[in-house]
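1. The sequence and its predicted three-dimensional model are supplied below.
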Amino acid sequence: MRLSTLFTKTLKEAPKDELSVNARLLMQAGFIDKLTAGVYTFLPLGLRVLKKIENIIREEMNKVGGQEILMPALTPKSIWETTGRWAAFDALFRLAGTDNKEYALGATHEEVVVPLAQKYVFSYKDLPLYIYQIQDKFRNEKRAKSGILRGREFIMKDLYSFHTDEADLDEYYKAMQKVYFKIFERCGLLDKTYLTFASGGSFSKYSHEFQTITPAGEDEIYICESCQIAVNKEIVGDLENKCPNCGNKNLKADKAIEVGNIFKLITKFSDPFGFSYVDEGGNKKPVIMGCFGLGLSRVLGTVAEVRHDDRGLVWPKEIAPFTVHLVTINSPDIEANNKIKLASEKIYRELQTGGIEVLFDDREGETSTGEKFADADLIGCPLRLVVSERTLEQDSVEVKNREEENKELVKISRVTHNI
RNA sequence: CGGGGCGUGGCCCAGUUGGUUCAAGGCGCCUGCUUUGGGAGCAGGAAAUCCCGAGUUCGAAUCUCGGCGCCCCGACCA
């Protein structure tokens, strides 16, 4: 991608009325645009990051047997009445269609997925089953806040698991915890993310949240440093301020943002829909369910909160919009400038041929060197390559690591190989 | 939903005891020249229903009332 043709531009100053770090940086760097409170457009740079997070999640879900589908976001009132949530779920966006038929915008999809699974699952032989989707969710939040951390429209992966019995659910639930940590590792959040005990609702003692430590977080969690797990403030009192794993009473409080939440639904949704199967003995039994949510847009915002410095974003390699930010520094000398242009075009092509994703700052004219560097810092790709008169004298490019700040000269002939 | 703050070209903002020194400055954009290793310089230019509506007044960005929007705190987050 050439910066000269990228339709978005960076802003010299962050939007004044945004206080949250993710909103300021992501808007300033041109990753997202706000349409209205809690509703954002993902611009080319932001979308690339989002797609990378999406693909990581997809890969990991598929590894544990997930089958991807895409359910509608527009859902009829009737299914919500079956579970009583038409009235009970106050963040539900409700709207009327023709003939005053009422709809809800999907805020979560148990009401859609259960009747769906019901059409195909009849026997223990059909279980277990894991189906998921990655989709926009709509919640009429009383107050949207913190940039993309709490929006009214947001992107979420929701996987629903169906089991013959609780033991099978428990096993999958455990496996899924590992998978979630794998996802957070790949997104660069592992070191700050804790498995957190949270309230379980009516059918299960606990649910588990994945909470990432950041001052921007809305939740307070109590961390047991020996077990590396945490307890949400909302239930820490119920546990007598002890670690549920080892009994440690010396828990450390911190602010965190919930990036994922997994539930044992048991029969909470199978019951109202009468979702059952026939076991080996010919007995009718309720299908046991689990639900596994993960907010992609929230992960993106959380990474911005956790991985930045005073100059801009610092993307983890696997989800960076581009691996390399290639900068040309023009020269007033026409002949020298042509050499620089030729060399950088060649490097650009070679990197791309080598499968490396490159953002090429090929802007000329009045775009100053300082501006190019400032943009590279702000956008935050892991590696910055500089081609200039100075580096060409040594037949090299300068390679700088965004995170570690170290620079080295690398021979042009070996650039693709060295990255 | 309660409380607070804010709303002036695309962005950051000055101006708000009402009055041809009020729509100023900076960024960005356009033209020309210059410049090129940390958001460059000079000259010229385009671009603003001063959030909206009503009112007070000879006169409103400025005062009054109503509304809308955004941010923050709180409550809420099945």
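-> Now that the structure is in, tell me what you want to look at.

2. Looking at residue A:313 now. What's its pLDDT?
-> If you check residue A:313, the pLDDT there is 96.

3. what's the domain layout of chain A?
-> A:21-309, A:322-418 (automatic domain parsing).

4. what about the longest one, how long is it end to end?
-> The distance separating the two terminal residues of domain A:21-309, taken as CA to CA, to the nearest Å, comes to 10 Å.

5. what does stretch A:135-148 give?
-> First-to-last residue span, stretch A:135-148, CA to CA: 15 Å.

6. Tell me which of the domains of chain A sits most buried.
-> domain A:21-309 (a mean of 18; mean count of other CB atoms under 10 Å). Placement of C-beta: from N, CA and C, glycine included.

7. now it, how far from the centre of its chain.
-> Centre-to-centre, domain A:21-309 and its host chain are 11 Å apart (CA atoms, centre = their mean, to the nearest Å).

8. again, but for stretch A:15-28
-> Its chain's average C-alpha position is 18 Å from that of stretch A:15-28, according to CA atoms, centre = their mean.

9. Let me see the ranges of the helices in the stretch 201-350 of chain A.
-> A:233-236, A:270-273, A:296-306, A:334-353 (DSSP state H, counting those that start in this stretch).

10. Give me the residues contacting the last one.
-> Judged by CB atoms under 8 Å, 6 or more residues apart in numbering, the contacts made with helix A:334-353 from elsewhere in the structure are A:324, A:326, A:328-331, A:358, A:360, A:362, A:385, A:387-389, A:392, A:397, A:412, A:415-416, A:419.

11. CA atoms only for stretch A:241-261 - export them in PDB, please.
-> The C-alpha coordinates for stretch A:241-261 follow below in PDB (Å, rounded to 0.1, in the frame of the first residue of the first chain):
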ATOM      1  CA  ASN A 241     -11.600 -12.000  49.300                       C
ATOM      2  CA  LYS A 242      -9.700 -15.200  48.600                       C
ATOM      3  CA  CYS A 243      -8.300 -16.700  45.500                       C
ATOM      4  CA  PRO A 244     -10.700 -19.500  44.500                       C
ATOM      5  CA  ASN A 245      -7.800 -21.600  43.400                       C
ATOM      6  CA  CYS A 246      -5.300 -21.500  46.300                       C
ATOM      7  CA  GLY A 247      -7.000 -19.500  49.000                       C
ATOM      8  CA  ASN A 248      -4.500 -16.700  49.000                       C
ATOM      9  CA  LYS A 249      -5.900 -13.700  50.700                       C
ATOM     10  CA  ASN A 250      -3.300 -11.300  49.400                       C
ATOM     11  CA  LEU A 251      -5.000 -10.200  46.200                       C
ATOM     12  CA  LYS A 252      -3.900  -7.200  44.200                       C
ATOM     13  CA  ALA A 253      -6.600  -4.900  42.900                       C
ATOM     14  CA  ASP A 254      -6.300  -3.400  39.400                       C
ATOM     15  CA  LYS A 255      -8.300  -1.900  36.600                       C
ATOM     16  CA  ALA A 256      -9.000  -4.100  33.700                       C
ATOM     17  CA  ILE A 257     -11.100  -4.400  30.500                       C
ATOM     18  CA  GLU A 258     -13.100  -7.500  29.700                       C
ATOM     19  CA  VAL A 259     -11.900  -8.800  26.300                       C
ATOM     20  CA  GLY A 260     -13.700 -12.100  26.500                       C
ATOM     21  CA  ASN A 261     -16.300 -13.900  28.600                       C
END
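
12. Next one: that stretch, is it in contact with RNA strand B?
-> No: contact of stretch A:241-261 with RNA strand B (CB under 7 Å from any atom of the strand) is absent, the minimum separation being 7.9 Å.

13. Show the average pLDDT along that stretch.
-> 94.

14. the strands in the stretch 101-250 of chain A, which residues?
-> A:102-105, A:129-138, A:153-163, A:193-199, A:206-213, A:219-224, A:229-232 (DSSP state E, counting those that start in this stretch).

15. want to try JSON lines for those, with distance to RNA strand B and mean pLDDT as columns?
-> Listed next are the strands of the stretch 101-250 of chain A as JSON lines, based on distance: least, CB to the nearest atom of the strand, whole Å; pLDDT from 0 to 100:
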{"stretch": "strand A:102-105", "distance to RNA strand B": "12", "mean pLDDT": "96"}
{"stretch": "strand A:129-138", "distance to RNA strand B": "8", "mean pLDDT": "98"}
{"stretch": "strand A:153-163", "distance to RNA strand B": "9", "mean pLDDT": "98"}
{"stretch": "strand A:193-199", "distance to RNA strand B": "7", "mean pLDDT": "95"}
{"stretch": "strand A:206-213", "distance to RNA strand B": "9", "mean pLDDT": "95"}
{"stretch": "strand A:219-224", "distance to RNA strand B": "7", "mean pLDDT": "95"}
{"stretch": "strand A:229-232", "distance to RNA strand B": "10", "mean pLDDT": "95"}
